[in-house]
Every structure is written in C-alpha cells, then in structure tokens.
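Engineer: Curious how this folds, go ahead:
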Amino acid sequence: MTRNVFWLVAAACCWLAVSTGWNGASLEVRAQQTGPAPGTESGFATFQTRCSMCHANSVSERKGVRGAERAPTTDVIRQMSPERIYQAITSGSMLEYAKDLNDIARERLAEFMSSRPMGSARTGGAEQMPNKCAANPPLADPAKGASWNGWGNELTNTRFQNAGAARLPAAQVPKLKLKWAFGYPAGVSSNGQPTIAAGRLFVGSDNGYLYSLNARSGCVYWSFENGSIIRNSPVVAPITGQGAARYAVFFGDGHANVYALDAQTGKLLWKTRADSHFVARITAGVKYYNGNLFVPVSSSEEFSSGSPGYSCCTARGSVVALDANTGKQIWKAWVIPEEPKPYKTMANGVVLYRPAGGAVWNSPTVDPVRNAIYFGTGDATTAPSPLTTDGIMAVDIETGKLLWSYQATANDVFMGGCGGTERSEACPTPMGPDMDIGNSPILITIANGKRVLLGGTKSADVFALDPDNKGALLYRVNAAGGPINITGRAARGSIVWGGAAGDQLVYYGAGGAGLVAMKPSDGEIAWSFTGPPLAAGGRGAGLGAAPTAIPGVVFEGAGDGRLFAVSSTDGKLLWQFNTAQEFKTVNNVMARGGAIATSGAVVVDGMVYVGSGYAISSGATAGNVLLAFGTD
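Structural biologist: Numbers count the residues shown, from 1 in each chain. As a prediction, this is how the structure comes out:
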C-alpha cells in the first residue's frame, strides 16, 4: 500500500458509521466453507492495517490524522454487534473505502472487533432451545459432590481427577459411548472447557453465551449473553452480599470483562473490566481462592502489530486480583511493570511505544504454603525483552508483589506482520522465536516429599522449579527426546496448552512428539504415545491439547479431532473416538466437531466431556459442539 493510499484509507476509517439490519448467513455452514473465523488474527490484521490510526485506543494516539477527533474509539466499536460493523463496511458509509476487501475479510474484521460470530445474538439463547430442563431445583453445595471446577480442577492445576470423583475405572473406559451432544448456535470455534459442579455443567462459547446444562442429560437450565467470545473455563464458588444468590459462576471474555452470575438462575451479579486496553482479553480460566478471583489478562496486539499504520505497542499482560463478592480490584500484577511511553514517530506520523508484551495465556496456580500465585508469561513485543517474559512469575497472594521469576527463553521479542515489504519500524531485529509460556504451572509433591513446580515450552522442554527456593531450576529436559533448546523451537514437538500430573507420572501433550509421560523427579521419559494414523500410510495426529488424568488413564485430544484414552502406566491405547463429524444435538442445532487442540477432556461421575472444533490456530478445523460420553 502506497503512503497516499494508506492515508486515504486511514482517513476513511475515521468516518465509520454503523447501523443495523444485516441478516447474515449462519456461520455453522460458512465455517465449513472458509475455515477459521471469529477472533482470528486475520481480522485484527485488517483493523491494524486500515483503521487503527483513527480508531486507536485513545485520542492522543490519533493526532495528525484528519477527522480522527470525530472517529469512535475502538472501545466504542467493540461493543457493537458484528452485524452493525459488517453493514457499515458493506453497504454503509464505509462501502466506498472498503470495496477492495472481499466478503470474508469484511466478516473477519467485524467478528474480530465484536469478538463473536455473526448471527449469534439472534440464535444463541436458551429460550429458543427445545431441550429446556423441566425444573430448576435448588443448587446443591458444589464443594460436597464430584466436580471439575475450572481449568486444572484444583488450585495446583494438576488436571487430575481422583477415583471417587471420576467413577470411571480403567477397565470401563473401552465401553465409553456418546450419550449426548450440545451444539453452540452460530458457533464456529469450540474454545471453552466445561466446568461441572453440583450436577450442572457450565460452559461458554465463541457465540457470546454462557450456558448452564444438566450434566447427565444435557438439558439447558439457562443461558447468559455476555456479547463476546468465552475461551476459558468458568469457576463456581460461594458468593455473599448478592441478595439470594448463594453460589456464583465466574468467567472472563474477549473484551477483558469478568462476570459473576448467579449459578442458580444466570442472573448478572457484577461485571468488572480487568484491563482497559482495546485488545486486552481473557483467554484462560480465572482462579478462585479464599474469597478472591485471580484473573489472567492477555491481548491480541502482537498478532499483526508489525503493520506500519499501527501505533505499536502498548498492551501488557497481567494477573488481576478481584474481590469475588463485589468484583472490586484488590491488586494488579503487571508482567512488565513500566508503563509504555512514546519513543519514536515514524515518517507516516505513527507514534511507537514501549515497553509492551508479556501476555498471560494461562490459568494461575495457587500455592497456599508460600502464599503465592504462579503463572506463565508471554514474549515481549518491544525490545529489550524484560526478564519476566517467556517464563514463570511468582507474586504474593495478598499484594501482587513480585516474589521471583524464571525466564525460559531470553531476548524473545516477537510481533506478527513483519514479514512483508510494508513493515513498521517497530519490527524487532532479529525477530524472536515466539516462545510464550502458555500453559499453567503444575504444582506437585514428589515421592521424597519435595515440592516441584513444572512448566513447558514451545520447544518441548519441560522444566522443574523449586517453589520453596525462589524458583531455582531443578532440571530441564526435552519431552521430544531431543536436545534442550532455549533459543527456538525443536525440530519436532511443542508444549503449548499444558500437562497433567497423575499418581506417579506427569503427562504433556507435545504436538508432533505425541503425548509424553515423564518422571516428575528428574524428567526421565517413561513412554510416549503418538496415536495411530486415520488411514493406512498416514501419519499420527498432533497431540497438543491439555491432557487429563484419572487413575490408570490419560485422555488426550488430537488436532484431527480424535479423542484418545491411553493407559497411564505404559501409554497403550484403550479407546478412541473421532469427533470430526456431524452430530445430532439435544438442542437441535446443526453441529459438527473438529480439532481438539487446546482444552482437554473433563471427567466427572462416570462421564467424559469434551469440546470439539478449535479453529483459531492455522490449519485447525472448525466446530461448534460439546460432547458427553458415558458407559451406562
């Protein structure tokens, strides 16, 4: 894009006017034709390239652009529906200036800015579903029954379910059969992992709704429309001071809002924004402990921040502590504590800022012994890379004060959009390897009584830290069997979404290296499972989703849509099910499965639950279904 054309398009963005009335086709069908859609990086790239100069996070970032003072900020735009945004760039005031965009690009832009698929507001509510539960009896105490509450099922993020709560002996696993399927109306990418508490299932979707279902039958109690993608695991916990509400379900969304709903009725109790940056978002599960919520904050900024029209970079990752009863902020622990400041103005008038980066993509781990919170951190988007990026941070649970940090990869400064001829002067040289620690730290006690904190890297390294000695490194090994790689990705294998810890071994979904079992005392590999190919002569699927362990069994999802159950002692295959197909659903929504690439299975009371169709990463297959398996 020439400079003159760029300024013309940027100025045109300042006149964005929106209206209602577009009747979009269902994304359930469109996703099968075009692949990943909502919240994908392509929509953000279009925004950064064409509109960010006028619709920036603040008026101060838009100085010098004609008409910018009249342009709505991104905050305003992101509260609009995708239909309103789409109409403006298709048949509204922006038509003349967006006519070179194809329809898919326009849809991606509208869906990214709104953080939900088109058509979802009209079709997503429980009131339109035929499978409403006949009654809504009082919610039992979630702490007294079998549950899987939040991402890691407990404070320490082991992703392990004991025998009493799982009620699924290894000998019964081969008998698992599909019991019911629930379709997310207008959903495209099945991102959320369900929470099960008091016999109820709570799950969010990219369609901007949170649902409460009966965990046994799949009937729906209620839905809540928050208006933005929910990519994480809800948490159910007690709440006080909110009228008749006894228990609340807590979750975050694609606009960095945190919600507390009455778990009985779905009524909104409070809503708090955890971060004001226009691309801040919550992509991992909140954690509840002792009346407080710990909220991880990430952002979309690095995806295409190398565009010369984007005022890079100002988003910083953090963990925010909220009072669970009121939603009021207690403290905020920044990965990069220094506030970004302008350091350069490029020839096109775009101001560059630093420092920035360090997104938190994972659910925090709670250590009551050390009164600490542990979480993984992402790469930097501006140089120099702070020591707190690409590693593990430990902060005080009462104040958020930094206790210690461990950096797994140094000097990693990364941003997308730097590969073309039109690139920002903010683009780092050299470009970093993009080695975010996206998985939740796992806190365990090994056989000799020593406590160990485990994490994984995108180069498939597993490292063990000493939480009782300021995070001192105990060992670091490669789960793929290759050499330790602290500067880039391994030739095969990558740990992104996490691991699980059983009675004797820890398990990591290591992508092309398969599901790997290791001894937690020293990282020695006990066995690995790569999965049989779908067809003769084919290759096994990438096993990158977070595993789930129960006594004798490990469940692992695959990028091709298969869900595997293997023996936890030797890795032998016990059961598999291909979720990449169409399903008849209890709520009569057209639904199909796809990649199981992030969230793992959940096992409670003899049932196995898994979402299928994560379509945000490149090459993944879309889907909009939640599946429930049982043996009886």
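
Engineer: alpha carbons only for contacts and neighbour counts from here, please
Structural biologist: OK.

Engineer: what's near enough to touch the closest residue to W151 other than its chain neighbours?
Structural biologist: When the adjacent residues along the chain are set aside, W151 lies closest to S233, with 5.4 Å between them (CA to CA, 6 or more residues apart in numbering). S233 makes contact with G150, W151, G192, Q193, P194, T195, V203, G204, F251, A284, G285, V286, according to CA atoms under 8 Å, 6 or more residues apart in numbering.

Engineer: List just the nearest of these to D436.
Structural biologist: Distance to D436 across these (CA to CA) is lowest for A284, with 14.0 Å.

Engineer: Would you mind giving the secondary structure of that closest one?
Structural biologist: Look at A284: counting by DSSP: H, G, I helix; E, B strand; the rest coil, its state is coil.

Engineer: Inside strands: which ones of the contacts of S233?
Structural biologist: T195, V203, G204, F251 (DSSP state E).

Engineer: Tally up the residues packed near the nearest residue to the second one once chain neighbours are set aside, please.
Structural biologist: Pointing back at V203 there. If the residues on either side of it in the chain are set aside, V203 comes closest to P194, at 4.6 Å by CA to CA, 6+ apart. Under the neighbour criterion other CA atoms under 10 Å, P194 is assigned a count of 31.

Engineer: you'd agree P194 is up against R200?
Structural biologist: No. Using CA atoms under 8 Å, P194 makes no contact with R200, being 9.9 Å away.

Engineer: Over to V610: give its phi and psi.
Structural biologist: phi -150, psi 140 (degrees, to the nearest 10).

Engineer: Touching, it and V602? I think so.
Structural biologist: Yes. Taking CA under 8 Å as the definition, V610 is a contact partner of V602 at 6.4 Å.

Engineer: Can you tell me the closest non-neighbouring residue to the residue most central in space within the chain?
Structural biologist: Nearest to the centroid of the C-alpha atoms of the chain, with distances taken as CA atoms, centre = their mean, sits T283, at 3.3 Å. In this structure, T283 finds its nearest non-sequential neighbour in R231, 5.2 Å apart by CA to CA, 6+ apart.

Engineer: now N136
Structural biologist: Per CA to CA, 6+ apart, closest to N136 is Y221, 6.6 Å.

Engineer: Checking the one you found next. Helix, strand or coil?
Structural biologist: Local secondary structure at Y221 is given as strand here, using three-state DSSP.

Engineer: mind listing what it touches?
Structural biologist: Y221 sits in contact with A126, K132, C133, A135, N136, Y211, S212, L213, N214, T265, where contact means CA under 8 Å, 6+ apart.

Engineer: Now, those that are in strands?
Structural biologist: Among the contacts of Y221, the members falling in strands (DSSP E) are Y211, S212, L213, N214.

Engineer: how close does C312 sit to A333?
Structural biologist: For C312, the distance to A333 equals 22 Å [CA to CA, to the nearest Å].

Engineer: what about the two, which has more around it?
Structural biologist: Using other CA under 10 Å, the more surrounded residue of C312 and A333 is C312, with 30 against 20.

Engineer: Quick check: that one is in a strand.
Structural biologist: No. Using three-state DSSP, the secondary structure at C312 is coil, not a strand.

Engineer: Which residue ranges make up the domains of this protein?
Structural biologist: 3-118, 126-630 (automatic domain parsing).

Engineer: Tabulate the ones you listed in a markdown table, adding columns for mean pLDDT.
Structural biologist: Formatted as a markdown table, the domains of the chain follow (pLDDT from 0 to 100):
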| stretch | mean pLDDT |
| --- | --- |
| domain 3-118 | 51 |
| domain 126-630 | 94 |
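
Engineer: most packed of these?
Structural biologist: Stretch with highest mean neighbour count among those: domain 126-630 (a mean of 22; mean count of other CA atoms under 10 Å).

Engineer: I392 bridge partners, please.
Structural biologist: Beta bridges link I392 to G376, Y406, judged by DSSP bridges.

Engineer: How much space separates it from E556?
Structural biologist: 25 Å.

Engineer: cool, A615 as well?
Structural biologist: To E556, A615 is 18 Å away according to CA to CA.

Engineer: Then M393?
Structural biologist: 27 Å.

Engineer: what do you get for T579?
Structural biologist: The spacing between T579 and E556, counted by CA to CA, is 13 Å.

Engineer: which residues do those two both contact?
Structural biologist: Common contacts of T579 and E556 (CA under 8 Å, 6+ apart): L563.

Engineer: Please determine how far Q172 is located from E422.
Structural biologist: 58 Å.

Engineer: With G124 instead?
Structural biologist: From G124 to E422 the distance is 40 Å (CA to CA).

Engineer: Mind telling me what element V319 is part of?
Structural biologist: Element membership for V319, per DSSP states H and E: strand 318-323.

Engineer: Show me what that strand pairs with in its sheet, parallel or antiparallel.
Structural biologist: Applying DSSP bridges, one finds strand 318-323 paired with strand 292-299 (antiparallel), strand 329-334 (antiparallel).
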